[in-house]
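Colleague: what would the 3D arrangement of this be:
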Amino acid sequence: MSAEHGGASGLGGVSELGGVSELDALHLLVGSYTATGGGTATGISVVHGTTARTAAVMDDPSFLALSGDRVYAVSEVADGSVSAFRYAGGALEHLWDADAGGDAPCHVRVDPSGALVVANYVSGTVTAVSLEAAESHAASMTASDGVVSAHGSGDRVVVPEAAITTGVLPDVDGPVEDRQEGPHAHQSIATPDGTVLVADLGGDALHEFRVTGAPSIDLVRVHHLAPGVGPRHMVWLGDGPDADLVVAGELDGRVHRLRRDHTGVLRPIASAATFEGPVGESLLSHIELDTAGRVVVAVRGRDLVVVLDTADDGLSIVGSASCGGVWPRHFAQVPGYLLVANQMSDAIAVLPTGEDGVPGEAVAQIAVGSPTCIVPVPTTARS
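Modeller: Model prediction:
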């Protein structure tokens, strides 16, 4: 792995369909698949305006998290890892690496507890890395050994095992034989109660843990979903203890709304199909709320973005539109636009959003190899 401070990516550039000058203000970090995972990228990309360039070379950085000036990236490979960078002036300075605690880490998030939480898809494990311990170790190594920003495998700063703990999801399966042969951790999300939910696509369950920055991971309870749902990504609807959880069912093509009962268990209160017809190879991916409280979800296979209303404790389709490419794995929202990472188009589609939340036709295509994750960089983190 190395950090690069200049030079355009071979896939960088933009095809503008509407001459949209406000896109010049875009500032993004983009995760991708590299040749290791069958992709075309070379690592993490930075997008300024509508031009992408490689900022850090690493294998399959498929998901990123940004906290202050720190960028965390998984390496979604066997015996996976997570890497930390300092982001400044459009450049990524490699700080340290940590064992992900499993195979194919596909999601990373900074938890309020002070732990970095990593979901490992293939092994069905979830790992907490103490950020305080990791940063302290990296600082001590830099002071004693003179490690500098751009470094290769010979001088990597590796977080010690004492700063890492891993929880193993139960060895269960589901009815979709080729996808649910065992547990598959896909995403973690903080709860209003201070716990962490982990979506288990393979086990049709949401595992609730108590995570600390020590680090520690302790199971609190398991919330079971209907067989074959295949929960992938989640988002909270509302604030505080009365918030509902909205879940994208990757395998059943539906969005599910859950609410805690008096015992603390999340129970379904509404569900809606995101398209008509058989599910087949139509797989839901990322899900978010827009500023009006509507649910936005991407559907691979059908290459759609679907918007749902959440009024009256329900879920109902507002509308759907083309994602502007092929295989929408992730998206991000910026004022006036939905940015869709179309993995198999080697591009991010820039879709204007209407008053009803449904996106219009793409006004630009930002060329990025096999994009899998988009993180808008706030103004405060750009210097």
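Colleague: and the helix or strand hosting residue 365, what does it pack onto?
Modeller: For residue 365, the host element (DSSP states H and E) is strand 364-367. Under the contact definition 3 or more CB pairs under 8 Å, 6 or more residues apart in numbering; DSSP states H and E, strand 364-367 sits against strand 14-16, strand 51-57, strand 347-352. Where C-beta positions appear, they are placed from N, C-alpha and C, glycine not excepted.
Colleague: residue 252 and residue 232 touch, don't they?
Modeller: No - using CB atoms under 8 Å, residue 252 is not in contact with residue 232, being 10.6 Å away.
Colleague: re the thing from before, closest one to residue 34 among the helices and strands packed on strand 364-367?
Modeller: Taking CB to CB, strand 51-57 is the member of the helices and strands packed on strand 364-367 nearest to residue 34, at 8.4 Å.
Colleague: what about the closest one, average pLDDT?
Modeller: Mean pLDDT, strand 51-57: 97.
Colleague: what angle do strand 347-352 and that strand make with each other?
Modeller: Computed by axes from the mean of the first three to the mean of the last three CA atoms, to 10 degrees, the angle separating strand 51-57 from strand 347-352 equals 130 degrees.
Colleague: packing partners for the helix or strand just after strand 51-57?
Modeller: Later in the chain than strand 51-57, the nearest helix or strand by DSSP H and E is strand 64-67. If you count contacts as 3+ CB pairs under 8 Å, 6+ apart, strand 64-67 packs onto strand 27-32, strand 70-75, strand 105-110, strand 371-376.
Colleague: and the helix or strand that the first one is followed by, what does it pack against?
Modeller: Going down the chain from strand 27-32, the next helix or strand is strand 43-48, by DSSP H and E. Under the contact criterion of 3+ CB pairs under 8 Å, 6+ apart, the helices and strands touching strand 43-48 comprise strand 27-32, strand 51-57.
Colleague: just the CA trace of strand 43-48, in PDB.
Modeller: Provided in PDB are the C-alpha atoms of strand 43-48 (Å, rounded to 0.1, in the frame of the first residue of the first chain):
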ATOM      1  CA  GLY A  43      -7.100   2.100  -4.600                       C
ATOM      2  CA  ILE A  44      -8.900   5.000  -2.900                       C
ATOM      3  CA  SER A  45      -9.900   7.900  -5.200                       C
ATOM      4  CA  VAL A  46     -10.300  11.500  -4.400                       C
ATOM      5  CA  VAL A  47     -12.800  13.500  -6.500                       C
ATOM      6  CA  HIS A  48     -12.400  17.300  -6.800                       C
END
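Colleague: ok, for residue 156, nearest residue in space, not its chain neighbours?
Modeller: Excluding the flanking residues, the one nearest residue 156 by CB to CB, 6 or more residues apart in numbering is residue 97, at 5.5 Å.
Colleague: surely that neighbour and residue 82 touch.
Modeller: Yes - applying CB under 8 Å as the test, residue 97 and residue 82 come out as touching, 7.2 Å apart.
Colleague: hmm, back to that, can you put the helices and strands packed on strand 364-367 in a markdown table and add mean neighbour count and distance to residue 90?
Modeller: As requested, the helices and strands packed on strand 364-367 are arranged in a markdown table below (neighbours: other CB atoms under 10 Å; distance: least, CB to CB, whole Å):
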| stretch | mean neighbour count | distance to residue 90 |
| --- | --- | --- |
| strand 14-16 | 15 | 17 |
| strand 51-57 | 23 | 7 |
| strand 347-352 | 26 | 17 |
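Colleague: I'd like the ones you listed as TSV, with distance to residue 181 appended.
Modeller: As requested, the helices and strands packed on strand 364-367 are exported to TSV (distance: least, CB to CB, whole Å):
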stretch	distance to residue 181
strand 14-16	41
strand 51-57	33
strand 347-352	33
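Colleague: just to revisit the earlier point, so which of the helices and strands packed on strand 64-67 is nearest residue 345?
Modeller: That would be strand 371-376 among those, by CB to CB, at 8.6 Å.
Colleague: just the angle for the closest one relative to strand 27-32, thanks.
Modeller: 160 degrees.
Colleague: phi, psi for residue 321 please.
Modeller: Torsion angles at residue 321 (phi, psi; degrees, to the nearest 10) stand at phi -150, psi 160.
Colleague: what are the bridge partners for it, then?
Modeller: residue 305 (DSSP bridges).
Colleague: can you count the residues close to it?
Modeller: 19 (other CB atoms under 10 Å).
Colleague: what of residue 378?
Modeller: Residue 378 has 10 neighbours, counted by other CB under 10 Å.
Colleague: could you check how far it is from residue 68?
Modeller: For residue 378, the distance to residue 68 (CB to CB, to the nearest Å) stands at 10 Å.
Colleague: check residue 372 too.
Modeller: Applying CB to CB to residue 372 and residue 68 gives a distance of 23 Å.
Colleague: residue contacts, the residue nearest to residue 304 when sequence neighbours are not counted?
Modeller: Using CB to CB, 6+ apart and skipping residues adjacent in sequence, the residue nearest residue 304 is residue 320, 4.9 Å away. By CB atoms under 8 Å, 6 or more residues apart in numbering, the contact list for residue 320 reads 274-275, 299, 304-307, 358.
Colleague: just the closest of those residues to residue 75, please.
Modeller: Of all these, residue 75 sits closest to residue 299, with 27.2 Å by CB to CB.
Colleague: which neighbouring elements make contact with the helix or strand hosting that closest one?
Modeller: If you go by DSSP H and E, residue 299 is part of strand 295-300. Identification of packing neighbours for strand 295-300 by 3+ CB pairs under 8 Å, 6+ apart yields strand 283-289, strand 304-309, strand 328-334.
Colleague: export the ones you listed as a markdown table, with columns for distance to residue 104 and mean pLDDT.
Modeller: What follows is the helices and strands packed on strand 295-300, written out as a markdown table (distance: least, CB to CB, whole Å; pLDDT from 0 to 100):
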| stretch | distance to residue 104 | mean pLDDT |
| --- | --- | --- |
| strand 283-289 | 16 | 98 |
| strand 304-309 | 26 | 98 |
| strand 328-334 | 15 | 98 |
